[in-house]
Every structure is written in C-alpha cells, then in structure tokens.
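Peer 1: Got a predicted structure plus its sequence, pasted below:
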Amino acid sequence: MTGEMLGFAAVAVVLLAASLGVVLTPNLFHAVLYLAAALVATGVVFLLLDAPFLFGVQLLLYAGGVVTIVVFAIMLTERLVGESIRQTSRYLINGAVLSAAVFVGVVGFLVQMPAIGPRQAWPGELTALLGRALMGPFVMPFELLAVLLVIALLGALYFARSDT
Amino acid sequence: MPLGAYLTLAALVFAIGLFGVLTRRNAVGILLGIELMLNAVNINLVAFARFRTDLAGLIFTLFTISITVAEVAVGLAIVIVLFRVRRTVEADHLDLLRG
Amino acid sequence: MRTGSATLALIVLGLPFASFLLLALVRRLRRSAGAAAGVSITAIAGALVAAILDFRTAVPREPTQSPSTTWAWLPGDGGPMATVGVMVDDLSLTMLLLVTLVSLLVQVYSWAYLHDEPRPSLGRYYAYHSLFAFSMLGLVLAPNFLQMFIFWELVGLCSYLLIGYWYDRPSAARAAVKAFWITKLGDLGFVAGIVMLWSATGTFDFWTLFSMGTMGTLPVELLPCIMFLIYLGAVGKSAQFPLHIWLPDAMEGPTPVSALIHAATMVTAGVFLVNRAFPLFRLTPDVLVLVAWVGAFTALLAASMACVDDDIKRVLAYSTVSQLGLMMAAAGAAAPEAGFMHLVVHGVFKALLFLGAGVVIHVFHTNDVFRMGGLRPWPWTWLPFVVATLALAGVWPLPGFYTKEAILAGVLHAHLTLPFLMLALTSLLTSFYMFRVVFLAFFARPHGHAHTPHVPWLMDYVCRLLAALTLAIGFRMAFFGEHHEGPGWLPAFSLTLAGAGFVLTWAMYHRRVVDPARVAAALWPIDALARRRYFLDAIFAGLYRWVLLTFARLIGWTDRYLVDGVLNVLSAWTLRAGDRVRGLQTGLPQDYVYGVALGVLLLFVLAQWSLR
C-alpha cells in the first residue's frame, strides 16, 4: 500500500460517506453540510490528480458559492425537516434499483476499457498552461461563459423581484 | 492508482446522486442530488485529462463548474418563486404538467 | 331476300331523333304544344315516306351478301369491338313501315284525344313520342346485339316515360316503375346472354354470327344457355309468362300510348328479337320448344283473364299478351315467318282496337264496359272496332284469319300437340272476349237517354283509315297472297272456333238467354283465379319484397356493424390506448427523470450489444 493508494482510499471513503449523507439524511440542512463535505473531498481528489488549480476553484465556487446559495434557499423556503425516510418504500426501492442499474451499466463499459499507461508529466506549470489555454484556443467559450453568467444573473434578478 | 479506480468512484457518486434525485421529496433536495451527479462528472473529466495528458479535460471542468454554479442559482431562484406562489416545495405537489 | 338503302334507313332513323333533340333542347318549342306536335308529326311523316321509299326501292341480294352497313365504334384489337350501323333487310324494312305508320297515326290521334291536356305537358308528350320512334327504329335497324340492346333499353325508358305521363297519379307512377322493373328482369338475362355470346365468339354482329352458324364454326356447347338467356329478354319485353304482369297495369298510360307501344311496337320487340336472331335459335331446338310452350301457355292464360275483366283497355291488354304468346309459339315451332306476319297485321288491327276503344272511352268518360252501350244508331263509332274484332277473331277475309291459320299450321307441323290445343282454345276465348266487349260497349241497352255522341273528327278519321287498311291487307292476302299448305281441315276448324265464340257471347250478352253469372259459377275455380290474375302479381310483389328487403337489410347490417364497426373499434381502441398512455404524463419531474434514466439504460444495453 503506497501512500498514494492510502490517500485515495481515505478520500474515497469520505466522499462516499458524504454523498450518502446528502441523499439519505432527513434534515435538509444536514444534507447541505454533507454536500459541502463531499465537495471538499472532490477537491482533494483533484489534488490527487495533480490539478491544484482546480482544487482551488472547487473550494471557491462549489464549497463556497453553491453551498451558500443553497443555504439561503433553504432559509427562504423554510421546510427543513421530514424527508425521504417518511416516503413510501416503493419509491426508495425503485430509485435504488435504477441507480444500481445505472452504476452497473457504467461499470460494464469501464471493464471493457483498455488500460491506459502511467501518468505523463504536464509540459510545464499547470496553472500557467491553463491560463494560456483559456486565453488562446479556448477564448471563445470563455467569453461565451461570461455572457452566460450575465444572463444567469439577470434571470436570478428577474425571479427575485417583488411583484409590484 | 489506475484510472479505473477514479472512474469507478465517479460512477458510484453519480449513482448515489441519481438516487437522491429520484427519491428526495423536497425540491432543494433534488437539486442537491443534481449537484452530486455533476460533481461525479467533474471527477471523470479531470481523471481522463490527467491520464491522457490533455488540457481540454481540465478546461471543460472549469466550464462545467462555472455553469453549474449559474444553474444552481437560477434553479434555486425558481424554487423560491415556486414557494412564493404555491406555498410548498414538495415535488409531489408540482404536477401542473399532468395529463 | 332483299336489301334496302342504308341512307334512307338513316333518314328514317334520323328524323325522329332530330325532332326529339329539337323538342328536348328548345324549351319554348316544347311548351307550345301545337308546335311540338307539328315538329314531331312532320318528322314521323317524313320517316314514313322514307320507309316507303326504302321498301319500294329495295333490291334483291345474294344470300352471302351482308345487308348491314356499319361504322366502327368501340376499339378493340383485331378490329373494332363494337360497331354501329343499320341492317336493312326484309325484316327491318317491314318493321320500319309498321313503326312509322302506326306512330304517325297515333301521334295524329293523340292531338285530338289529349286536347284538354295542359300545353307544356302535351309538348313533353310529343317529345317522348319522338324519342320512342327513334328508339324503336334503332332497335329494328340494329346490325348487332349491342346496338339492339342499347335501343332495347331506350325503348324501355320511353315506355316508362309514357306510361307515367300523368306522373302525378300514384297508380300511373307505380305502373311505370313496375313495367320498368319487370322488363329489367328479362334484360338481365338478355345482357348476360349477349356477353356470353361475345366472349365465346368475339363478336356482336348478326351477320357474322349467322355466317358462323351456317358454316358450323359457332361454339355450340354454351349456345342453348346463351340463347335461353337472350330469350329471357324477349320474355320481359313481350310479356310472356311469368313476366307478363306489367302489361295490364301499363294501361294507366294514355290510350294512344297503349295503342302504339303496348300493342303494335314496343312489346313486339321481343318477338322481333326472336325473329332476328332466328338463325341462331334454329341451332338450339330445345330452347325453341320452350319458347313454343311458354308462348302457348301465355296465350291461354291471358285469354282466360281477358274473359272476366270489365275494363275495356285491360281486356285489350290481355289480348295483346295472348297474341304475343301466339307469335312466340309460332317462332318456337320453327315458323317464324308466320309469327312475324301476325306481328305486322296484329300491330295494325290492335292499334285500331285501342284507338276505337279510345273513341268509346271519350264518349262515356269511363273504361268500364258495363257503363257503356247504346251506340247502335251510330255505326261510325262501332264499325272500325268491329272490323278489327273480326280481324282478331280470325274471320275470313280479314288478315287475322290467314296469319292465325299459318301459326296453327306451323305448330301442328312441329308436332307440338298440347300447345296446339292450347292455342285452339285461345282462339275460341279470343273470339269470346272480344265480342263480349263489342256487345257490352256498343250494343248493350243504354243507360239514360241516347244522344248523338260527340267524337272529334280526327280520332274518327284515323280509326276509319286503319279499318280500311285492315280490310285492304285482308283482301290482298285473300286474293293475291300465297297460301301456305296446311292441313285441309285447319281453316274450317279455326273459323268454327271463331264462330263458336261469337255465338256464345251473342247468347250471353246480347240476347241474354244464357246468364253470364251462371256460367261463371259453373266455372268458378277458373273464374275466381282469373279475376285475381292467378295471384301472380301478389307472388311477384311478395318475392320482390322478401328477397330485396332481406338483402337490403343484410347489407345494411353489414355496413353498420362490420364496415362501420371495424372503424369504430379501431378508433375506440386508439382512444383507449391514448388514455392509458396519458397516464405516463404525471407532471411530476421525478417521474420524468425515471424515464430519462431508463432511456440511458437502454442506450447502455444497445451500445454494449453493438460493441459485441
């Protein structure tokens, strides 16, 4: 067991546990907290995959922004307690079966995949490379993303307006 | 760790997220499930990018993260408006498209 | 064997057609009855002149020379499938004369008889007359079965139109439809026979078929069946049993119409058909025997019904049926010339009988013979009628004597004994019922006091003309005609029958020494049946109603429950399926996610499978 494997195992356990918590806990606020944990764990996975920039982005945007937004939304919609446990078991089992089936389907493809060799090194500093790529070949999607964010902003503002 | 491990992990998280979407009764709960699914997709993308030494996967991930944030914002705005109008956010009561 | 000019024949055909077109299209002409009558009568007079010319200028021809002139009509491979044209031989030349002459006299007579009709109706009447003349002439001149059939149907149409001339009378309308229906039954056989003949031989043309017949190249297996079917057409048109029931009812039409088409011309079309196609009938002796039997039976049946009827026109109608039977019997006995001769002379004196009846109907305003009488002081009312009666009864030297004797001789010669006896009895009855009518309508004791009957001079003169013609034909036959050999005892026999009939009626209806009621009581089964027309009408009506209505109901049921049913079931199932599928649209977003997830699974499966 190399260090890397150990690290991966630990992060994996945390991530999975947090995910299960998100979907199973009856208290919605707890679910959000579990989600925060899952998001951070994902960030660590990114670290393990030699993408420190993405770790940063994940923490900032997801763990910071999304969680904040969701918390506010929960506050505004007030219902916190009384969730999936109290549903009829039919739905739970259906959902579990379908999710399991999807998982099996994906894994079915995974096992047929030819093995990819050991990791190569990045040709240079990753962040710099990302920056140059964003300003270079991917500048168009970058600009369009900006437009999208403006539109989302406007949409949210529109929804949030009062009716007068 | 081989690529397969990362991909399997992502698949698991995805399945768990799907379970959440299908079973949660609160609309916000459903959105949380969607978050998990998108997260799993990101893990997939980064893993592939790393093992194939292709920058495109990472760029893609950046974009999906940004877009997801925007989507969550708008989605929650809709939920809030829905709550204002119908006084409930339970998914079972949102059946106006019925028939 | 002669052939006449085709051009003249076409003129004979064309003049009434032109008259009809003119009257049909030019409304103002038709609405003015006088102009309409003028056009129609002029046309038919011209046709008569052309017919006489054609008859007189006819030239002898070789037996192998075709008397037909035809033009191609329907195309077909290896020559036209059907042709139109004219066949101008002795048969058609004689018929041309008869048809045009009687048509002319009837149209002239109608002007006086129908004088009180509203003007536009009378114009319509003359239009119909022109159409009828054209149709009958076309039938007579037809060189092939197809053309004959077309004109056959046209003639039937004219009969319908003319019987139903007073269309606002329900009885007339019904009679017209009945005539059309019953003759249509016969026509079904006719057309079936023609088509079968065509499919067996490839031609409709008479001359070709006759040649094939003499050369023996006619396919003979189906020929009896074919000729029987063709004969069925004649059964309908010429009112043979059992399709005779329309003719008595056809008396609903105006009396001149009855004189023309139900005595002299249209009903004779069947006999004409048998005569025209005789070279083919000759090859099927079994069918001919049937024709003879049916003819003789019809003659007797109709004569029996004529003896008990009070309506003068209906007696004459039954008489026509009876005489048609006589003509058919002659054809069946392989003596078609005798039958044809009787057709021609019968046409003349039967028309006279009807027109004479029209005179007495006009005087008394009724058809019932028991309400007539007391016309002895005015011979010009009854003399033409009596001349015709003598002709019909077969008294020498009038035409009926010779033709009837020829027919009886022919039947005897063909060894058809029972038909001969039936025809002999018919002769007796013919004389009986005709003189019965004479005595009752003209010589009976008058009711009320007698005053000079007023009859329009036109009607009177037409009757006198026809009587003179009858006498002339009779004398021609007596003193200048060829006499056929028959058994020596035959003339005396037939005269005795005629005389016996006369004596019986004289005793019963004139001198009143024998009570008719007692005679009727003595013969009561036949009397009762005859008065009820042997229930034939009822049988037909019941059969028609039963068969047709049952069939119609069956079709209706099939349409409603099977045809519509299939469609209704399909649409109901579609609606129900739609309702069920609708259940999928719950409106809940999570259910839609289920759907997407299932779709993704499906894609996985498909992808895995295609990767294999």
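Peer 2: Yes, it's here. All of these numbers come straight from a predicted model, not from anything done at the bench. Numbers count the residues shown, from 1 in each chain, chains lettered A, B, ... in the order given.
Peer 1: Mind giving me the packing neighbours of the lowest-mean-pLDDT helix or strand in chain B?
Peer 2: Lowest by mean pLDDT, DSSP states H and E among the helices and strands of chain B is helix B:55-86, with a mean of 89. Under the contact definition 3 or more Cβ pairs under 8 Å, 6 or more residues apart in numbering or on different chains; DSSP states H and E, helix B:55-86 sits against helix A:52-57, helix A:67-77, helix A:126-135, helix A:139-160, helix B:27-52. Placement of C-beta: from N, CA and C, glycine included.
Peer 1: Same list (the ones you listed) but as JSON lines, adding distance to chain C and mean neighbour count.
Peer 2: Below are the helices and strands packed on helix B:55-86 laid out as JSON lines (distance: least, Cβ to the nearest Cβ, whole Å; neighbours: other Cβ atoms under 10 Å in any protein chain shown):
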{"stretch": "helix A:52-57", "distance to chain C": "27", "mean neighbour count": "18"}
{"stretch": "helix A:67-77", "distance to chain C": "16", "mean neighbour count": "17"}
{"stretch": "helix A:126-135", "distance to chain C": "31", "mean neighbour count": "15"}
{"stretch": "helix A:139-160", "distance to chain C": "18", "mean neighbour count": "13"}
{"stretch": "helix B:27-52", "distance to chain C": "7", "mean neighbour count": "23"}
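Peer 1: would you turn these into a markdown table with distance to C:Leu466 and mean pLDDT?
Peer 2: Output for these, formatted as a markdown table (distance: least, Cβ to Cβ, whole Å; pLDDT from 0 to 100):
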| stretch | distance to C:Leu466 | mean pLDDT |
| --- | --- | --- |
| helix A:52-57 | 126 | 93 |
| helix A:67-77 | 115 | 87 |
| helix A:126-135 | 123 | 90 |
| helix A:139-160 | 109 | 90 |
| helix B:27-52 | 110 | 93 |
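Peer 1: So for C:Val39, which of the ones you listed sits nearest?
Peer 2: Smallest distance to C:Val39 across the helices and strands packed on helix B:55-86 (Cβ to Cβ): 91.6 Å, for helix A:139-160.
Peer 1: Now do the spatially most central residue of chain A against chain C, distance only.
Peer 2: With the centre of chain A defined as its mean C-alpha position, the nearest residue by Cα atoms, centre = their mean is A:Leu39, 5.5 Å away. Between A:Leu39 and chain C the computed distance is 22 Å (Cβ to the nearest Cβ, to the nearest Å).
Peer 1: Residue ranges in chain C under the pLDDT threshold?
Peer 2: Filtered on pLDDT under 70, chain C yields the residue ranges C:447-450, C:481-486.
Peer 1: So what's the residue count around the residue in it that chain B sits nearest to?
Peer 2: Here chain C gets closest to chain B at one residue, C:Gly587, 3.2 Å apart by Cβ to the nearest Cβ. Around C:Gly587 there are 12 other residues, counting by other Cβ atoms under 10 Å in any protein chain shown.
Peer 1: Need the phi and psi values for it.
Peer 2: Torsion angles at C:Gly587 (phi, psi; degrees, to the nearest 10) stand at phi 90, psi -10.
Peer 1: That one against B:Ala91, yeah?
Peer 2: No. Using Cβ atoms under 8 Å as the test, C:Gly587 is too far from B:Ala91 to be in contact (10.5 Å).
Peer 1: low-scoring stretches of chain A, by residue?
Peer 2: In chain A (pLDDT under 70), the answer is A:1, A:78-90, A:163-164.
Peer 1: Out of the helices and strands packed on helix B:55-86, flag the one nearest A:Val22.
Peer 2: Here helix B:27-52 is closest among these (Cβ to Cβ), at 5.5 Å.
Peer 1: The host helix or strand of A:Val97 - contacts with which helices or strands?
Peer 2: Secondary structure from DSSP states H and E places A:Val97 in helix A:89-111. Secondary-structure packing of helix A:89-111 (3+ Cβ pairs under 8 Å, 6+ apart): helix B:3-23, helix C:589-611.
Peer 1: would JSON lines of the ones you listed with distance to chain A and mean neighbour count be doable?
Peer 2: JSON lines is the format used below for these (distance: least, Cβ to the nearest Cβ, whole Å; neighbours: other Cβ under 10 Å):
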{"stretch": "helix B:3-23", "distance to chain A": "3", "mean neighbour count": "23"}
{"stretch": "helix C:589-611", "distance to chain A": "4", "mean neighbour count": "13"}
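Peer 1: so which of those comes closest to B:Val46?
Peer 2: Each of those was scored for nearness to B:Val46 using Cβ to Cβ, and the closest is helix B:3-23 (8.2 Å).
Peer 1: ok, now which ones touch the nearest residue to B:Phe14 once chain neighbours are set aside?
Peer 2: Excluding the flanking residues, the one nearest B:Phe14 by Cβ to Cβ, 6 or more residues apart in numbering or on different chains is B:Ala40, at 3.9 Å. Applying Cβ atoms under 8 Å, 6 or more residues apart in numbering or on different chains to B:Ala40 gives the contacts B:10-14, B:17.
Peer 1: and residue 2, how many neighbours?
Peer 2: Assuming you mean chain A. The burial count for A:Thr2: 8, using other Cβ under 10 Å.
Peer 1: You answered for a different chain; I wanted chain C.
Peer 2: So C:Arg2, with other Cβ under 10 Å, has 14 neighbours.
Peer 1: check contacts around the residue lying closest to it once chain neighbours are set aside.
Peer 2: Once flanking residues are discounted, C:Arg2 sits nearest to C:Ala58: 4.1 Å by Cβ to Cβ, 6+ apart. Shown in contact with C:Ala58 (Cβ under 8 Å, 6+ apart): C:2-5, C:88, C:90, C:93.
Peer 1: Contact residues of chain C facing chain B?
Peer 2: Contact residues, chain C versus chain B (Cβ under 8 Å from any Cβ of the partner chain): C:582, C:585-590, C:593-594, C:597.
Peer 1: follow-up on the earlier one: scan the contacts of C:Ala58 and report the most crowded one.
Peer 2: Busiest of the contacts of C:Ala58 [other Cβ under 10 Å] is C:Val88, holding 28 neighbours.
Peer 1: ok now stretch A:131-138, how far from the chain's centre?
Peer 2: Between the centre of stretch A:131-138 and the centre of its chain there are 24 Å (Cα atoms, centre = their mean, to the nearest Å).
Peer 1: what about that stretch, near chain B?
Peer 2: Yes. On the criterion Cβ under 8 Å from any Cβ, stretch A:131-138 is in touch with chain B at A:133-134, A:138.
Peer 1: what's the next secondary structure element after the helix or strand harbouring C:Arg124?
Peer 2: Here C:Arg124, judged by DSSP H and E, is contained in helix C:119-141. Per DSSP H and E, the first helix or strand lying C-terminal to helix C:119-141 is helix C:145-163.
Peer 1: how about that next one: buried residues?
Peer 2: Buried residues in helix C:145-163, defined by neighbour count with 16 or more other Cβ atoms under 10 Å in any protein chain shown: C:145-156, C:158-163.
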